[in-house]
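>>> this is the structure alone, sequence omitted:
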Ligand code: GLP
């Protein structure tokens, strides 16, 4: 595990974008797993800036998003489909992009075809991740199994509460989502976990330094052989004394 601790959100966004750009430069047809939420927004902005300045070319890159709310489609402003359009795909051309379909009529079929699509594209090279305050990755809530694959899940109250800031009120927050499983995520050849802010310090401590347990899905990342963690100093404040930290 490599942990980079940077001063603030701007530095985190730049560092994450630099790492992604390096991976694309090293493999032009990279299969890139993407995340939503507030955390990666600055990374997307930086990647768009780099693309506009000719510093990185996503033209041959294939992307797979982690998750989508059940019931929200491309016409809903809070769907992750729309998030990705607004933050990345309307600015940067990629070869192919996949996002789970929140309006699927057959969710079992949707989940298995998402897994099959990942496989037929050669598997995910680099997976970007944020983390929920309850330790979720994608939408794998506490209790999710290490071997889970893409599936439909129920959202925890804490997740619905946290994500309600994007909706008119909490009653509008979908209570189910379709998400890559933990097994799907851990199959990526590299995982990059991002977190910023003091509100993430406790879960970052539990995820990275606590026991590996289904109670903290992000803790399974400790078992990944190629994990990069990029934190701002607020999110890192409870692990700051660890031996493996690298300041940049
Ligand atoms: C959402 C997403 C996750 C994301 C997490 C953290 O629920 N499904 O993929 O990592 O919440 O969100 P934020 O970055 O806004 O803190």
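Thanks, I have it. Since the model is a prediction, treat every value here as computed from it, not as a measurement.

>>> only C-alpha atoms for contact and neighbour calcs from this point on.
Will do.

>>> can you tell me which residues in the protein are near the ligand?
Within reach of the ligand by C-alpha under 6 Å from any ligand atom, the chain has these residues: 35-39, 129-132, 137-139.

>>> go again with 5 Å.
Taking C-alpha under 5 Å from any ligand atom as the criterion, the chain approaches the ligand at residues 37-39, 130-132, 138-139.

>>> now pLDDT, secondary structure and neighbour count too, for the residues you listed, in JSON lines please.
JSON lines is the format used below for these (pLDDT from 0 to 100; DSSP: H, G, I helix; E, B strand; the rest coil; neighbours: other C-alpha atoms under 10 Å):
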{"residue": "37", "pLDDT": "95", "secondary structure": "coil", "neighbour count": "15"}
{"residue": "38", "pLDDT": "96", "secondary structure": "coil", "neighbour count": "11"}
{"residue": "39", "pLDDT": "98", "secondary structure": "coil", "neighbour count": "19"}
{"residue": "130", "pLDDT": "98", "secondary structure": "coil", "neighbour count": "23"}
{"residue": "131", "pLDDT": "98", "secondary structure": "coil", "neighbour count": "24"}
{"residue": "132", "pLDDT": "95", "secondary structure": "coil", "neighbour count": "25"}
{"residue": "138", "pLDDT": "97", "secondary structure": "coil", "neighbour count": "28"}
{"residue": "139", "pLDDT": "96", "secondary structure": "coil", "neighbour count": "29"}
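
>>> any low-confidence regions in the chain?
Low-confidence segments of the chain (pLDDT under 70): 241-248.

>>> would you map the strands across it?
Using DSSP state E, the strands found in the chain span residues 2-6, 31-34, 62-65, 67-69, 96-98, 126-129, 151-154, 176-179, 190-195, 227-232, 245-247.

>>> what's the most buried one of the ones you listed?
Stretch with highest mean neighbour count among these: strand 67-69 (a mean of 26; mean count of other C-alpha atoms under 10 Å).

>>> strand partners of that strand, parallel vs antiparallel please.
Sheet pairing here is set by DSSP bridges, and for strand 67-69 it gives strand 176-179 (antiparallel).

>>> contacts for the partner strand?
66-70, 100-102, 111, 138-140, 150-155 (C-alpha atoms under 8 Å, 6 or more residues apart in numbering).

>>> which one's the longest helix in this structure?
Secondary structure of the chain per DSSP state H: the longest helix is helix 9-26.

>>> still on that earlier bit, and the strands of the chain: which comes nearest residue 50?
strand 31-34 (16.7 Å; C-alpha to C-alpha).

>>> could you say what helices and strands that closest one packs with?
Applying 3 or more C-alpha pairs under 8 Å, 6 or more residues apart in numbering; DSSP states H and E, one finds that strand 31-34 contacts strand 62-65, strand 126-129.

>>> and the first one, what other elements does it pack with?
Applying 3+ C-alpha pairs under 8 Å, 6+ apart, one finds that strand 62-65 makes contact with strand 31-34, strand 96-98.

>>> touching the longest one from outside, list them.
By that I understand strand 31-34. Surrounding strand 31-34, the residues in contact under the criterion C-alpha under 8 Å, 6+ apart are 61-66, 121-129.
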